[in-house]
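Enquirer: Sequence below, structure please.
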Amino acid sequence: MSLKLIKPDKKYLPSVYEAVEEYKAHPSRFQISEVRKMISATENSFADYFQNIDNEEAGIGLKPGYVPQSVYWLVDDSHYIGVFALRHSLTPNLENIGGHIAYQIRPSELRKGYAFQGLKLCLKEAYKKGIEKALITCNADNAASYGVMHKAMSECGGYEDMVFKTDDLTERRVWVITGK
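Expert: Residues are numbered from 1 along each chain as shown. I've put the predicted structure just below:
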């Protein structure tokens, strides 16, 4: 197994198309925007998708309130496993909901430890970008994601921050040290 976090690359598209079918067949209420963008790209154009993620990383054409982010695919050989988004900074909104890192693993690869392994790789990328501690958040009902966040915090160092609550939402928030 040669698990790695890479910039999205067209050579992985056959596996990405398969994953998108899985995402559509098994929708998650915790679906991240990067998965929605991939689904849209299969219906429109992956050339546009690749250009948009390059623009987002460079901070070009961002919507108000958005920050530059890097998108990575977690792959094993030629097999797409999941997507990770690393936001380069935080807005007040991202400090409550979203944090620095968002991720989603394709349904057929869930419960195999890939989210944790990918998160550790993404933390290394955060460190390279000068982020010394990364905020990771999840809906309080998302026990699997919380378990991954907590394990990363325990292994890499960090702390759990106050829960963010609105009338409709409760979000767990964990800070993880990136340089370990």
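Enquirer: I'd guessed residue 46 sits against residue 13; true?
Expert: Yes. Under the criterion of C-beta atoms under 8 Å, residue 46 makes contact with residue 13 at 6.3 Å. For glycine as for every other residue, the C-beta is placed from the backbone atoms N, C-alpha and C.
Enquirer: Could you give the backbone dihedrals for residue 135?
Expert: phi -90, psi 130 (degrees, to the nearest 10).
Enquirer: Next, the nearest residue to it once chain neighbours are set aside: secondary structure please.
Expert: Residue nearest to residue 135 in three dimensions, not counting chain neighbours: residue 99, with 3.7 Å by C-beta to C-beta, 6 or more residues apart in numbering. Following DSSP: H, G, I helix; E, B strand; the rest coil, residue 99 is assigned to coil.
Enquirer: Residue 62 now?
Expert: coil.
Enquirer: Could you list the low-pLDDT ranges of this protein?
Expert: Applying pLDDT under 70 to the chain flags residues 1.
Enquirer: which SSE is residue 159 in?
Expert: If you go by DSSP states H and E, residue 159 is part of strand 158-165.
Enquirer: all strands for the chain, in order.
Expert: Listed in chain order, the strands of the chain (DSSP state E) span 3-6, 69-76, 79-87, 101-105, 133-139, 158-165, 170-177.
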